[in-house]
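K.L.:
Can you look at this prediction? I've put the sequence above it.
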Amino acid sequence: MSRAKLKALGFDLPLLPTTAVGSYPKPPELMEARIQFQRGAISRERLEDLERRATEFWIRTQEALGVDVLVDGEMYRGDMVAYFAEQLSGFEIGGLVRSYGNRYYHKPIIVGSVEWPGPMTVRWWRFAQALTDRPVKGMLTGPYTMMDWSFNEYYPDRKSAALALARVIHREVEALIEAGARIIQIDEPATSVRPDELPIMVEAMEVVLDGLQDQAYFITHMCYGNFEAVYPDMLKSPVDNFDLEMSNSGLDMLEQFRQYPYTKDISVGVVDVHSHIIEDVDTVEQRIRAALEVLRPEQVWVDPDCGLKTRQVDEAIGKLRVIVEATRRVRQGFPTSG
Amino acid sequence: MEALWPVIHSTYPRVGDSPGEQKLRRAIAAWEQRQISDEELRQVEDEVARQVIAEQEQAGLAVVSDGLVRWYCPFSHLARKLANVQIDGLLRYFDTNFYFRQPVVSGPIQWREPILLHEFTVAQAAATRPVKIVLTGPYTMARYSIVQTPLYQGRLERLAEDYAVAWAMEVRQLVQAGLMWLQVEEPALLHAPQDASIVAAALEILAEVTGPAKIALALYWGDIKPLWPRIQRWPVDMLILDFVYSPLLLDVIAAEGSARPLGLGLLDGRNTRLEDSADILRQLDRLAPRLKGTHHLTTSCGVELLPRDRARAKIERVACIAQSFTGGR
């Protein structure tokens, strides 16, 4: 059904479309420039110039590798929640909090009513899409994750905060669609965090997509959680495609799919983004084939487990190359690729 | 209630936003790129541990910890030195956006060498107050381990028991070094209360080796109330309770009291909003008539998930409230 929707939206994607989850590593010169900008040593124009160059690098790289649906790589973002929180009223950016190992992020604090400030991602989407004929995904963070990954000093409870954020993200989705984006990813990696709050995530996503469901193909990304606890109820979310981290967890969700058929499209994570080791093509091919034992090929997209920003540039390219090559091998077993 | 001590729960942020508070972050990054040696990293870890202890003492806490500043996560830091355990991929830590690495158990769990002795020795030398040592509980360790040996397949109880035996070896070393407060954390129990007997059995093993040290059980990030009657009978000297996730527990304890001294986790260790002191004092006033002896006031969980400036404000608030409560009596 969703391939029909993609066709109706003007996309003629091959079977098993390849894509990426969102972020790519920033080149060393951009990393250094971000530090220099924070210190006031360079101008915003200089920083943005480097961000544009890095974005173009990743668009060209994805094209050269043969990725089907591209991402802009988020060269202009530090963190998937803070990027939006920095622009929305009602937030202040808190101090550093550890996410794992030696990785830290600035966790936002909701201190007032959150309001949409105008388009937050449209300019970068337009820039990236203008560089290529291949579709570029619009990339947003979902309201439940925005709420869950922020401190809340304003709203009386978690649901109120999530729904307020949903109304804001809805406006951003409208803006992306108006700009021409037709594949939009709204990441909800916090979805499985509190299974009892799944109805909040679903209700918030309904608010986000209210009246817009026919106007774009919607993906949501989830990772590193207890998916078993929210499956199959998570399928109530009104998106078309769940993008799931699966290789890190040994493809164990496939067993769930055997017990309760998976009904939507799925982007299957086939490489571990937290390992320096680049998987060999045979391994990734086996993972795709394992997924196809329980999923119809028309349902399946192929991508990494999560954003690749924690890898080195050459590691990220290596992992993308393996994904594309393994997918090509698997496609050869099917009579048509469209 | 005769006394109320303000204490650290367990963790404390290892980095802050000022350049001076970034030292450990930079050292770990340099160590990962082999730019500094193991010993150089250890020196920075020790220095940061001492800073963290000093901050807690300056805040007015009566029992401190080294903030667990060396720990990669609650599992791998302990499991990496056990025999037949490797460290695997990332998994979200309960309902946080913090990620841990899962232990992979490929054979019998065996203690091989001291794990926390160095960090305890450093902390004890730096502190002027009692130092708490934290262990991820045997049940929580077992629950989040990946089992790759028939020895433990389908045998969670046996795996938890073997973790407990390994931890007992560790605790013996720590007690010999002067440990006075051992905190065993079992957050996983609140998500599987049917496994309470496994936790109880593991605590029996640990209680046998604590000697003069006191052993506390910390439960957080779930509802404790259904387990409350049972856990009071367990062989521990203190129960450290998260009242943020168990708000109804306050009514129960206010009505019935407690068979054990309590660590009262009344301040939210997960949110930056600073509690109103008067609200917490009202809750303490409700509990006080039914509680005998000395109890602790703390946060609902470790404060590592807060920014460092907010964590500092939170423990200062803990100390201030305890002082107000004690001073008023």
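P.N.:
Nice, I can see it.
K.L.:
how many other residues sit next to residue B:259?
P.N.:
11 (other CB atoms under 10 Å in any protein chain shown). From N, CA and C alone the C-beta is placed, and that goes for glycine too.
K.L.:
and stretch B:279-292 with chain A, contact?
P.N.:
No. Residues of stretch B:279-292 are not located near chain A by CB under 8 Å from any CB of the partner chain, the shortest gap being 15.0 Å.
K.L.:
Could you tell me which residues of chain A lie near chain B?
P.N.:
A:94-102, A:104, A:107, A:109, A:148-149, A:151-153, A:190, A:192-194, A:224-226, A:248-249, A:272, A:274-275.
K.L.:
Is the closest residue to chain A within the stretch 1-150 of chain B bridged to anything, and to what?
P.N.:
When distances are taken as CB to the nearest CB, the stretch 1-150 of chain B reaches nearest to chain A at residue B:99, 3.8 Å away. For residue B:99, the beta-bridge partners are residue B:92 (DSSP bridges).
K.L.:
is it true that it touches residue B:76?
P.N.:
No. Contact criterion CB atoms under 8 Å: residue B:99 and residue B:76 do not qualify, at 10.9 Å.
K.L.:
So the residue of the stretch 1-150 of chain B closest to chain A versus residue B:29, what's the distance?
P.N.:
Distance, residue B:99 to residue B:29, by CB to CB, to the nearest Å: 18 Å.
K.L.:
Just want to know which of these two has more residues nearby.
P.N.:
Using other CB under 10 Å as the criterion, residue B:99 and residue B:29 rank with residue B:99 on top: 19 against 13.
K.L.:
Quick check: residues of the stretch 51-200 of chain B near chain A?
P.N.:
Counting by CB under 8 Å from any CB, the stretch 51-200 of chain B sits next to chain A at B:72-73, B:89-92, B:94-100.
K.L.:
roughly how far apart are residue B:265 and residue B:318?
P.N.:
In terms of CB to CB, residue B:265 sits 10 Å off from residue B:318.
K.L.:
what sits in contact with each of these two?
P.N.:
Jointly contacting residue B:265 and residue B:318 under the rule CB atoms under 8 Å, 6 or more residues apart in numbering or on different chains are B:298, B:299.
K.L.:
Which one's more surrounded, these two?
P.N.:
Neighbours per residue, other CB under 10 Å: of residue B:265 and residue B:318, the larger number sits with residue B:318, 31 against 26.
K.L.:
what's the more buried one sitting at in phi/psi?
P.N.:
phi -60, psi -50 (degrees, to the nearest 10).
K.L.:
just the helices in the chain please.
P.N.:
Chain wasn't specified; assuming chain A. Assigned by DSSP state H, the helices in chain A fall at A:2-8, A:28-38, A:44-65, A:82-85, A:122-130, A:143-148, A:158-179, A:198-209, A:253-259, A:281-292, A:313-331.
K.L.:
please go with chain B instead
P.N.:
B:23-32, B:38-59, B:76-79, B:117-126, B:138-143, B:156-176, B:196-207, B:228-231, B:249-256, B:277-287, B:308-327.
K.L.:
Switch those over to JSON lines; also include mean pLDDT.
P.N.:
Formatted as JSON lines, those follow (pLDDT from 0 to 100):
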{"stretch": "helix B:23-32", "mean pLDDT": "96"}
{"stretch": "helix B:38-59", "mean pLDDT": "98"}
{"stretch": "helix B:76-79", "mean pLDDT": "97"}
{"stretch": "helix B:117-126", "mean pLDDT": "98"}
{"stretch": "helix B:138-143", "mean pLDDT": "98"}
{"stretch": "helix B:156-176", "mean pLDDT": "98"}
{"stretch": "helix B:196-207", "mean pLDDT": "98"}
{"stretch": "helix B:228-231", "mean pLDDT": "96"}
{"stretch": "helix B:249-256", "mean pLDDT": "97"}
{"stretch": "helix B:277-287", "mean pLDDT": "97"}
{"stretch": "helix B:308-327", "mean pLDDT": "96"}
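K.L.:
hmm, what's the outermost residue in chain A?
P.N.:
residue A:41 (31.8 Å; CA atoms, centre = their mean).
K.L.:
Show me what residue of chain A gets nearest to chain B.
P.N.:
residue A:95 (2.8 Å).
K.L.:
Look at that residue and say how many residues are nearby.
P.N.:
Counted with other CB under 10 Å, residue A:95 comes out at 21.
K.L.:
Name the surrounding residues that touch stretch B:177-185.
P.N.:
Applying CB under 8 Å, 6+ apart, the set of residues contacting stretch B:177-185 is B:10, B:63, B:74, B:117, B:120-121, B:124, B:130-138, B:140, B:167, B:171, B:174, B:203, B:206, B:210, B:212-218, B:220, B:236, B:240.
K.L.:
just the buried members of those residues?
P.N.:
By neighbour count, with 16 or more other CB atoms under 10 Å in any protein chain shown, the contacts of stretch B:177-185 hold B:10, B:63, B:74, B:117, B:120-121, B:124, B:130-138, B:140, B:167, B:171, B:174, B:203, B:206, B:210, B:213-218, B:220, B:236, B:240 as buried.
K.L.:
Wait, residue A:85 touches residue A:150, no?
P.N.:
Yes. Contact criterion CB under 8 Å: residue A:85 and residue A:150 qualify, at 6.6 Å.
K.L.:
Apart from its neighbours in sequence, what residue is nearest the closest residue to chain A within chain B?
P.N.:
Across chain B, the shortest distance to chain A (CB to the nearest CB) belongs to residue B:307, at 2.8 Å. Counting by CB to CB, 6 or more residues apart in numbering or on different chains, the nearest residue to residue B:307 once its immediate chain neighbours are dropped is residue A:95, at 2.8 Å.
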